[in-house]
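S.K.: Okay, sequence plus prediction incoming.
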Amino acid sequence: MTSNRLNGIDPDVLSRVAAARPRLMATKSAIERTRQSLHQSDTARQWYGEVERQAKLLLDLPLLGPNWVHDPRETRAAPLPLVRPPKSSDGPATPLDVARLFCLRIQTLGLMWLLTGDARYCRRAKAELLAVCAFPDWRGDKFLVTAETAFGAAIGYDWLYDSLTDNERRQIAQAIVEKAIQPGLDEFAAPRPPCWATAAVNWYLVCNGALMIAALSVAEFDPRAARLFALCRKSISTGFHEYGPDGGWAEGPGYWHYATQYAIYLLDSLWTAFGTYLGLDASPGLSATGLFRLHAAGPSGKLFNFADGEEDHSGGYWLFWLAKRYRHPVDAGIELHGRKVHPMDLLWFEADGRDPSDMPTARRFQAAGVVMLRGRWDNSNSTYLGIKAGANDACKHGHYDLGSFVLDANGARWAMDLGPDDYELPGYFEPEMRSRYYRTSTIGHNTIVINSECQPPTAAAVITYERFDEKISFVVLDLSAAYPSTVRARRGFALIDREHVLIVDEIVPKTRLSSVAWQMHTSAHVGLGDTSASLIFPAQGDSVEPVRFYVRVLEPGPGRLSLRSAAPSEPEGQNRNACVAKLVFRLLDVAQPVRLAVLLSPDADAYATPKLPTPLHHPLSGWV
């Protein structure tokens, strides 16, 4: 390594940055492509109308301030991220809420200005930018506040550059340097490196990516920008490696959304600023990561929301970028069926999206430790099964949920993951407390609970074998490490005839077990029999039939299904899990090996007279 290079990165790399503005994503050629899309695509024109309505709303709202109180007209319509979403649509905003609203306002108003030349959008975007640059600082309870504010300021400075006075440029650039670039350098210089440069979390891509974009925006203004860019460039490689080997993301699809948007913001900015991705686009798994998002969404429209994730989602405009870069039109097809429209949907719009009908309906993501199975792609009523393996300590946001599952059928989610609780709960991210909080502990998931105990924080589940076939697809997990009181614990999942699900548990105790509980959380209404249950979502209109689903315990013979409360007893302050029922089949005083087999089906006839394929009558070791 030569003396004039920092960790393989030329410290003068920013001297080659493009002189023309904008140079961050929304270049003149990119804006022209967007105009062509608006001319050629009905969808693009419809989406433009939605972004325009949001921009016009912003013209009449007060400027953001450090003590902002949410305006529900903005908050409810805005395509904000669903990781740590605002707690209220009309209450006090946190610093991170303000940062995210600021970024969205700049993107909305800035792109409308570049597309239309309407000076109203320019004036308002400039006012928002100058107001935030006048904040005393961009600090918050997390460095994410600094990073995301820096991103918004960087693109605002770049996109509005030609309309700013020299004094305004100096004011904005100085704020970016003093309130983001220098704090970033200070973080790297601290005795303990920042967690966003060392921990395997989404922060790798968010903080490093945002700061690199900020450095690109003010490259000519202060040499500190180049120094920070080089430090972040070294750090961010680790974040991109988290997509390996197959595009999965251990923090779940919610945090995949959050991390990947900043990964793609950075890649597009690198290319438009000086025509290189610095090799980051070749990171293992990145080209296939759209498939993780594809398989993580069930036919109900809900995500397989493991690891502190919400089951709803707010779209993924970066999927258009992935589709173009890696020539993978299925990625674009996902976003073309998205929900709330983001202004970046217009900039990266890709009309050439296709459905996944000819793609495999099952997929395992190795590092993420998950498997998704579904009956069909072309039927919104298809059965879908998301299965959680991996390691309990794979990431900070992981739950103690090995062997858990979510299940869709007939357009509804029947077995649900409750998602995260309030991050402000005492010790929420500490292993001891995560084993006590209902939503993060084993008792709050759709898996086996033995002796009413939580799985160990360091336990891992091994996928011992799998088979993906049109007639029968199955996955078998070794959960022995998750249940120390057993000699062996295995759980098998089978999708039969694309429609029915069989879950088999085989448990060999070390010593007498006080209890073994099979459990499933649902928001459906539940009617109980001794070893069967009928689930129903009431009809939403007079002409619509209720949606039904069925659960039947096939083995062992004795036992009884019951409904238990999903409300936590303690510690205080947890989500009460209103409108959630927990279906439980409990065995007491288990001293001998036991096998539990449960059939779940949307078909009343299959439930009433189950006929399992012969191989599934065998022990799990014989499913191969």
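M.R.: The structure has been received and is ready for your questions.
S.K.: use CA for all of it now, contacts and neighbours both
M.R.: Noted.
S.K.: Which residue, neighbours along the chain excluded, lies closest to Thr34?
M.R.: Leu347 (5.6 Å; Cα to Cα, 6 or more residues apart in numbering).
S.K.: sorry, that was for Thr486
M.R.: That would be Pro509: by Cα to Cα, 6+ apart, it lies 4.2 Å from Thr486.
S.K.: Tell me how many other residues surround that neighbour.
M.R.: 19 (other Cα atoms under 10 Å).
S.K.: and the gap between it and Arg339?
M.R.: From Pro509 across to Arg339, the span is 48 Å (Cα to Cα, to the nearest Å).
S.K.: Thr458 versus the residue nearest to Thr486, what's the distance?
M.R.: Where Thr458 is concerned, Pro509 sits at a distance of 20 Å (Cα to Cα).
S.K.: what do you get for Ala332?
M.R.: Separation of Ala332 from Thr458 (Cα to Cα): 38 Å.
S.K.: Compare the two (neighbour count), which wins?
M.R.: For the pair Ala332 and Thr458, the greater number of neighbours falls to Ala332 (29 against 13), based on other Cα under 10 Å.
S.K.: the helices in the stretch 301-450 of the chain, which residues?
M.R.: 318-326, 329-336, 343-347, 431-434 (DSSP state H, counting those that start in this stretch).
S.K.: which parts of the last one are buried?
M.R.: What that stands for is helix 431-434. 431, 433-434 (16 or more other Cα atoms under 10 Å).
S.K.: Which one of those is nearest to Trp414?
M.R.: Arg434 (24.9 Å; Cα to Cα).
S.K.: check contacts around that closest one.
M.R.: Listed by Cα atoms under 8 Å, 6 or more residues apart in numbering, the contact partners of Arg434 are 399-400, 427-428, 440-441.
S.K.: swap the cut-off to 10 Å and go again
M.R.: Counting by Cα atoms under 10 Å, 6 or more residues apart in numbering, Arg434 touches 397-400, 427-428, 440-442, 454, 457.
S.K.: tell me the phi and psi of the residue nearest to Thr486?
M.R.: Note on Pro509: backbone dihedrals following degrees, to the nearest 10 are phi -70, psi 150.
S.K.: I figured it hits Pro484, correct?
M.R.: Yes. Pro509 is within contact range of Pro484, at 9.3 Å (criterion: Cα atoms under 10 Å).
S.K.: on that earlier part again, please pick the buried ones from the contacts of Arg434.
M.R.: Neighbour counting over the contacts of Arg434 (16+ other Cα under 10 Å) leaves 397-400, 428, 440-442, 454, 457 as the buried ones.
S.K.: Secondary structure class of the residue nearest the centre of the chain, three-state.
M.R.: Centroid-nearest residue in the chain: Gly254, 1.4 Å away (criterion: Cα atoms, centre = their mean). Under DSSP: H, G, I helix; E, B strand; the rest coil, Gly254 falls in the helix class.
S.K.: how many neighbours does Ser621 have?
M.R.: Applying other Cα under 10 Å, we find 11 residues neighbouring Ser621.
S.K.: re the thing from before, the residue nearest to Thr486 and His445, how far apart?
M.R.: 22 Å.
S.K.: now do Val504
M.R.: Taking Cα to Cα as the measure, Val504 falls 16 Å from His445.
S.K.: With neighbour numbers in mind, choose between the two.
M.R.: Applying other Cα under 10 Å to Val504 and His445 shows that His445 carries more neighbours, namely 29 against 22.
S.K.: Could you double-check that that one lies in contact with Gly403?
M.R.: Yes. Counting by Cα under 10 Å, Gly403 is a contact partner of His445 at 8.8 Å.
S.K.: Run through the protein and note the low-pLDDT ranges.
M.R.: 1-11, 200, 541-543 (pLDDT under 70).
S.K.: again, 50 this time
M.R.: Applying pLDDT under 50 to the chain flags residues 1-8.
S.K.: which residues sit in contact with the residue nearest to Thr486?
M.R.: If you count contacts by Cα under 10 Å, 6+ apart, Pro509 has them with 483-489, 590-594.
S.K.: Please enumerate the strands of the stretch 501-624 of the chain.
M.R.: 513-522, 525-528, 532-537, 547-555, 561-565, 581-590, 594-601 (DSSP state E, counting those that start in this stretch).
S.K.: how about those, which one is nearest Leu185?
M.R.: strand 513-522 (46.4 Å).
S.K.: related to what we said a few turns ago, so can I have TSV of the buried residues of helix 431-434 showing distance to Gly290?
M.R.: TSV is the format used below for the buried residues of helix 431-434 (distance: Cα to Cα, whole Å):
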residue	distance to Gly290
Pro431	31
Met433	34
Arg434	30
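S.K.: coming back round to it: just put the strands of the stretch 501-624 of the chain in CSV and tack on distance to Ala173 and mean neighbour count.
M.R.: Shown next, in CSV, are the strands of the stretch 501-624 of the chain (distance: least, Cα to Cα, whole Å; neighbours: other Cα atoms under 10 Å):
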stretch, distance to Ala173, mean neighbour count
strand 513-522, 51, 20
strand 525-528, 57, 16
strand 532-537, 55, 19
strand 547-555, 57, 20
strand 561-565, 55, 17
strand 581-590, 54, 18
strand 594-601, 59, 20
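S.K.: From one end of stretch 379-389 to the other, what's the distance?
M.R.: Per Cα to Cα, stretch 379-389 runs 27 Å from first to last residue.
S.K.: Not including adjacent chain positions, what is the nearest residue to Val526?
M.R.: Using Cα to Cα, 6+ apart and skipping residues adjacent in sequence, the residue nearest Val526 is Leu535, 4.6 Å away.
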